[in-house]
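Peer 1: Return a 3D structure for these sequence lines:
(chains A and B)
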Amino acid sequence: MPAEAQKQLFYEDVEIGQEITPLMKGPMTTLHLMRWSAAIENWHRIHYDRPYAVEHDKLPNVIVAGSWKQQALVQMLKEWCGAGGWLWKIHYQFRAMDPVGATLTCWGQITDKYVRDGLGFVECDIGMRNQDDQETTPGTAVAVLPLRGGRPVPYPFVAPQK
Amino acid sequence: MDGSYITLEIKALIGMEGEPQTSCEPVERSEVRRFAQAVMDDDPIFWNDADAKNTRYGAVVAPPLFPLFAHRRPPGSPDPLATAATDPDFDGFVGLLTTGLPPVPLPMLPRLLNGGNEVEFYQLPKLGERITARAKYLDIYEKTGRSGTMVFIVVETRYTNQHNELLMISRLTLIRR
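Peer 2: The predicted structure follows:
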């Protein structure tokens, strides 16, 4: 994979405070919501049944599924790590709801970096902002990057020795 | 508030492990395609055999969080919609039926929200693999805020393939309110 090897991000390339390449999704219409519900065969009504969402669950409208939003955060980090890196850990809270129509931007910022077992570990704050710049899905992540000239990130991934 | 929602019966659930649940079907190409299309992630590792062959995966794989959704209703099992669809309180959520854990009895808190997750990834599932989930109630606690009391249910699930290799660990927080 010469092309991929050239594009690979290395531990030495990143600094604390640096931003992860953002990923934008949306606007998320009812069609997108329905497509996701169908793909995972989950019929939770708050994502497609407006009377149920509004009258029963007292929501402003049908809402974008958290189960879908987390996929976008993972995608952003996977793409940033590249074919030779690895998204090891991700944590997020669904703090605010995004009603249908939301445009969502995944973001990340590096908060720490360190080397362990010959691999580069990068910790970051992550989240998802909607079109009103409201943070709805704050969290953290740990990505693993190879060192320049170092060993490849093992696959299957092996957690570092404490 | 008239006392805690966390009854002795609910406390007894904390730490309980469910029977391992193996997906009724192996990871399928069409299922992975629909999943990736709904996420809007065109990464060739999810569909292109030739490209995927030259990656660390060696073959087409499912998106990282796919194991959370690998457990579909087995053919021939009772249809949850047969009785519940006309129940005005039925929320339609059927995901927790796949944990092998008994439900948390909270009839006074009929609404369910996904609170978030904490995930560790080790390997992505390949097409044809069968995913087994081993779930347990890690914690169940309540919090009272402006909108009343909510109960937080934390389910830890270890997902493995048919070779008992660890794919991922999830610590999902479900909110009942």
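
Peer 1: need the contact list for residue A:150.
Peer 2: Residue A:150 sits next to A:11, A:118-120 when contact means C-beta atoms under 8 Å, 6 or more residues apart in numbering or on different chains. Just so you know, the C-beta spots here come from the backbone N, C-alpha and C atoms, and that holds for glycine as well.

Peer 1: of all the residues you listed, which comes closest to chain B?
Peer 2: Nearest to chain B out of the contacts of residue A:150 is residue A:119 (C-beta to the nearest C-beta; 14.3 Å).

Peer 1: and the residue nearest to the closest one when sequence neighbours are not counted, what element?
Peer 2: In space, and not counting its chain neighbours, residue A:119 is closest to residue A:144: 5.4 Å by C-beta to C-beta, 6 or more residues apart in numbering or on different chains. Taking DSSP states H and E as the criterion, residue A:144 maps to strand A:139-145.

Peer 1: Give me the packing partners of the longest strand seen in chain A, helices and strands only.
Peer 2: The longest strand of chain A (DSSP state E) is strand A:104-116. Counting contacts by 3 or more C-beta pairs under 8 Å, 6 or more residues apart in numbering or on different chains; DSSP states H and E, strand A:104-116 is packed against strand A:19-25, helix A:66-81, strand A:119-129.

Peer 1: Now with 10 Å, please.
Peer 2: Packed against strand A:104-116 by the contact rule (3 or more C-beta pairs under 10 Å, 6 or more residues apart in numbering or on different chains; DSSP states H and E) you find strand A:19-25, helix A:66-81, strand A:119-129, strand A:139-145.

Peer 1: in its sheet, what does the first one sit against?
Peer 2: Strand A:19-25 has the following strand partners under DSSP bridges: strand A:104-116 (antiparallel).

Peer 1: And for residue B:135, the neighbour number?
Peer 2: Neighbourhood size, residue B:135 [other C-beta atoms under 10 Å in any protein chain shown]: 23.

Peer 1: so it, which of the three states?
Peer 2: Assigned state for residue B:135: strand (three-state reduction, DSSP: H, G, I helix; E, B strand; the rest coil).

Peer 1: and the worst-scoring helix or strand of chain B on mean pLDDT, what does it pack onto?
Peer 2: None of the helices or strands of chain B scores lower by mean pLDDT, DSSP states H and E than helix B:80-84, at a mean of 83. Based on contacts counted as 3+ C-beta pairs under 10 Å, 6+ apart, there is no element that helix B:80-84 packs against.

Peer 1: Tell me what residue 142 is bridged to.
Peer 2: Unless you meant another one, I'm taking chain A. residue A:89, residue A:123.

Peer 1: Oops, wrong one, chain B.
Peer 2: Beta bridges link residue B:142 to residue B:151, judged by DSSP bridges.

Peer 1: burial measure for it, as a count.
Peer 2: As a measure of burial, residue B:142 has 16 neighbours, counting by other C-beta under 10 Å.

Peer 1: In contact with it: list those residues for me.
Peer 2: Contact analysis of residue B:142 by C-beta atoms under 10 Å, 6 or more residues apart in numbering or on different chains lists B:1, B:4-6, B:10, B:106, B:109, B:149-152, B:176.
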